[in-house]
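3D, please:
(one chain, ligands or ions: 1)
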Amino acid sequence: MLIDQYNKVKENVKKACQKAGRDPRDVTIIAVSKTKPLEMIEELRKEKVMDFGENKVQELKEKYEKISWPVRWHLIGHLQTNKVKYIVDKVALIHSVDSVHLAKQIDKEAAKRQMKEVPVLIQVNFAHEDTKFGLASEETEDVIREIASMEHVKVKGLMQIAPFVDDPEENRKYFRAMKQLSVDIENKKIDNVDMSILSMGMTNDYEVAVEEGATMIRVGTGIFGERNYSI
Ligand SMILES: *Cc1c(COP(=O)(O)O)cnc(C)c1O
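Below is the predicted model:
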């Protein structure tokens, strides 16, 4: 049963929280359902799991339209400006904003739909891998200041996709750096910006991420099993 896998993750989160002196209620597990069928999402939803992550706009949109019960959808993958219009009113949180240009488009589409605000996270790339999206940590504050002036976009925190490593300890420094950056930005007291969410940690390294302050972890394989991209 999927819920057993989910509960195992929850148990591990609890242990990591105990180790770090944190409250497990401050950590949201996002079940990353990309490539997985709707039936699997509904199986978890029946057990009151509410937060699901998708990395592709088209897939999120299809699942949104077909699912029998409402859930909180998280867009965790790269978002192209021309696709904002398909999901802006369907997601609880966009984790992957990494440019002023993209935020402007979100603001524009939200205004069109008379949405009060669209909560977003700013994606930062601490490992400086050129294959991944995300801002350099040095430019993050300036970008956030610009986005803060937009009426319909609300910055709620930071997100990172850490490198894929065998030993999760190798990513601890990146998680710690993101926590520090969020504290630094919080201390600037920028209007219309809060830093309450830190989205970091995946199947391989979520325990370390929780120890370092993650408030959202994105777990796919650890709940749904391996993904098959060939079908
Ligand atoms: C796929 C994906 C995840 C989940 O990865 P797992 O290793 O399967 O847990 C998390 N975050 C993002 C952005 C992803 O694309």
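
Just give the nearest non-adjacent residue to Met150, would you?
Counting by CB to CB, 6 or more residues apart in numbering, the nearest residue to Met150 once its immediate chain neighbours are dropped is Asp107, at 4.2 Å. For glycine as for every other residue, the C-beta is placed from the backbone atoms N, C-alpha and C.

residue contacts, that neighbour?
Neighbour list for Asp107: 118, 150-153 [criterion: CB atoms under 8 Å, 6 or more residues apart in numbering].

Buried members of those into PyMOL, please.
Provided next is the PyMOL selection string for whichever of the contacts of Asp107 are buried by 16 or more other CB atoms under 10 Å:
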select buried, resi 118+150+152+153
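
Pull the most distant pair out of the contacts of Asp107.
Spanning the widest gap among these are Val118 and Glu151, at 10.4 Å by CB to CB.

Check the secondary structure at the residue nearest the centre of the chain for me.
In the chain, the centroid-proximal residue (CA atoms, centre = their mean) is His95; its distance is 4.2 Å. Counting by DSSP: H, G, I helix; E, B strand; the rest coil, the backbone at His95 sits in strand.

That one reaches Val124, doesn't it?
No - shown here, His95 and Val124 do not form a contact pair, counting by CB atoms under 8 Å, at 11.2 Å.

anything in contact with each of these two?
What both His95 and Val124 touch, as defined by CB under 8 Å, 6+ apart, is the set Met159.

In contact with the closest residue to Ala177 other than its chain neighbours, which residues?
Nearest residue to Ala177, sequence neighbours excluded (CB to CB, 6+ apart): Phe126, at 4.9 Å. Contact partners of Phe126, counting by CB under 8 Å, 6+ apart, are 137, 160, 162, 174, 177-178.

Distance of Phe126 relative to Gln160?
Separation of Phe126 from Gln160 (CB to CB, to the nearest Å): 6 Å.

Need the overlap of contacts for these two.
Residues touching both Phe126 and Gln160 by CB under 8 Å, 6+ apart: 174, 178.

Which residue ranges of this structure form strands?
Remark: strands assigned in the chain by DSSP state E are 28-32, 51-54, 72-75, 93-97, 118-123, 153-159, 193-199, 216-219.

would you list those in JSON lines and tack on distance to Tyr6?
Formatted as JSON lines, those follow (distance: least, CB to CB, whole Å):
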{"stretch": "strand 28-32", "distance to Tyr6": "7"}
{"stretch": "strand 51-54", "distance to Tyr6": "11"}
{"stretch": "strand 72-75", "distance to Tyr6": "15"}
{"stretch": "strand 93-97", "distance to Tyr6": "19"}
{"stretch": "strand 118-123", "distance to Tyr6": "22"}
{"stretch": "strand 153-159", "distance to Tyr6": "21"}
{"stretch": "strand 193-199", "distance to Tyr6": "18"}
{"stretch": "strand 216-219", "distance to Tyr6": "8"}
